[in-house]
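Colleague: sharing a sequence plus its predicted fold:
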Amino acid sequence: MFESAARHLNFRVASEELCVTQGAVAQQVRALEEALGVKLFDRLPRSLALTEAGQRYLKPIQRALSMITEATQELKPHKTVITISVTHSFATKWLIPRLGRFSDAHPDVEVQVLAANTLANFQSDGVDIAVRQTKPPFGAGLQGDLLFPVKLYAVCSPSLLTGAKPLKTIQDLPQHVLLHDAHGMWPVFLERAGVQADRSALKSVKFSYASLAIDAAIAGQGVALASEPLIEDDLASGRLCSPFAFSLADELGFYLVYPRAPRKADNVRWMRDWLLTQNIPKSPPGMSLPV
């Protein structure tokens with residue numbers, strides 16, 4: 001419970017991951033702090049922060065849990081397990097809707113999805129392959145394949161096109177709430193699109209995950225920036241629309257990253273090859289309407 005809370009810096013998210021109540025996580029962490037005689041977290045109004053002692057404690061605990069996982073897997077050689085590390089947004093908006101296809105193609109392979117923004121080290125964390133929004137070069141001993149480039153579109157609920165302040169042209173964006181994610185690309189988008197606006201007067205809401213900004217856009221709370229593959233299903237269903245042809249090409253891309261000499265070479269090859277067959281967006285009608 002400490003490791004999960006420390007990874008997410010949030011008792012609620014840790015409780016959802018562990019399928020227990022938030023109170024149970026908080027109680028167990030307090031019991032651990034009392035047993036150790038040290039404070040592991042600073043409790044902030046809406047999140048957690050690791051103390052210096054908590055930071056020192058986390059990495060050895062993660063190594064120990066990884067060793068337990070590997071030892072357990074070695075006792076079950078009949079079961080093939082592959083662990084893929086992805087960000088929360090990539091998991092919810094792209095990977096999970098497609099994961100059943102991999103299971104159909106490889107019914108004897110058990111997939112473990114580790115959704116975290118922390119970088120995988122492929123040594124002590126048990127991760128076999130990762131997907132990250134990054135760019136070459138990669139770390140020593142690592143290899144990467146481009147899954148798809150990042151091209152950001154302004155997306156919103158169709159209701160904003162005909163609302164009280166209809167979003168008709170790209171110059172109408174300053175009249176609407178701009179939904180930011182952790183990448184904070186709205187200032188660059190507006191500048192490149194030639195939108196004239198007083199930056200200090202812009203209305204905005206900030207989210208830690210791109211998936212949350214996308215969900216807020218679906219709910220009609222404003223306009224988000226999103227890469228087409230992450231919103232493919234929402235566009236196809238009509239939950240979202242992209243009213244402008246303009247898009248912002250980011251220097252980053254979604255890459256598959258894995259060791260050059262992986263511990264489970266077959267597992268990595270299966271997942272890599274499957275992921276690369278899923279990387280062509282459908283580009284549903286209405287994806288990019290003229291300005």
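Modeller: Perfect, thanks for sending it.

Colleague: which residues does residue 177 contact?
Modeller: Shown in contact with residue 177 (Cβ atoms under 8 Å, 6 or more residues apart in numbering): 203, 204, 205, 221, 222, 223. Any C-beta I mention is one placed from the backbone N, CA and C, and that applies to glycine too.

Colleague: per-residue pLDDT of the nearest residue to it once chain neighbours are set aside, please?
Modeller: Using Cβ to Cβ, 6 or more residues apart in numbering and skipping residues adjacent in sequence, the residue nearest residue 177 is residue 222, 3.2 Å away. Looking at residue 222, its pLDDT stands at 95.

Colleague: residue 149 - nearest residue in space that isn't next to it in sequence?
Modeller: Leaving aside its chain neighbours, residue 149 sits nearest to residue 253 (4.6 Å; criterion: Cβ to Cβ, 6+ apart).

Colleague: just for the stretch 1-150 of the chain, where's the confidence low?
Modeller: 76-79 (pLDDT under 70).

Colleague: residues touching the residue nearest to residue 177, list them.
Modeller: 156, 176, 177, 178, 179, 203, 204, 205, 216.

Colleague: just the buried members of those?
Modeller: Listed as buried from the contacts of residue 222 are 156, 176, 177, 178, 179, 216; burial here means 16 or more other Cβ atoms under 10 Å.

Colleague: pretty sure the residue nearest to residue 149 sits in a strand.
Modeller: Yes: the assignment for residue 253 is a strand, going by DSSP: H, G, I helix; E, B strand; the rest coil.

Colleague: ranges for the strands of the stretch 1-150 of the chain?
Modeller: 41-43, 48-50, 80-86, 109-115, 129-134, 142-155 (DSSP state E, counting those that start in this stretch).

Colleague: any chance of these in a markdown table, with mean neighbour count and distance to residue 100 too?
Modeller: As requested, those are exported to a markdown table (neighbours: other Cβ atoms under 10 Å; distance: least, Cβ to Cβ, whole Å):
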| stretch | mean neighbour count | distance to residue 100 |
| --- | --- | --- |
| strand 41-43 | 14 | 37 |
| strand 48-50 | 16 | 34 |
| strand 80-86 | 21 | 15 |
| strand 109-115 | 16 | 10 |
| strand 129-134 | 21 | 17 |
| strand 142-155 | 19 | 19 |
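
Colleague: which residues touch the closest residue to residue 180 other than its chain neighbours?
Modeller: Nearest residue to residue 180 in three dimensions, chain neighbours excluded: residue 206, at 4.4 Å (Cβ to Cβ, 6+ apart). Residues near residue 206 by Cβ under 8 Å, 6+ apart: 180, 181, 184.
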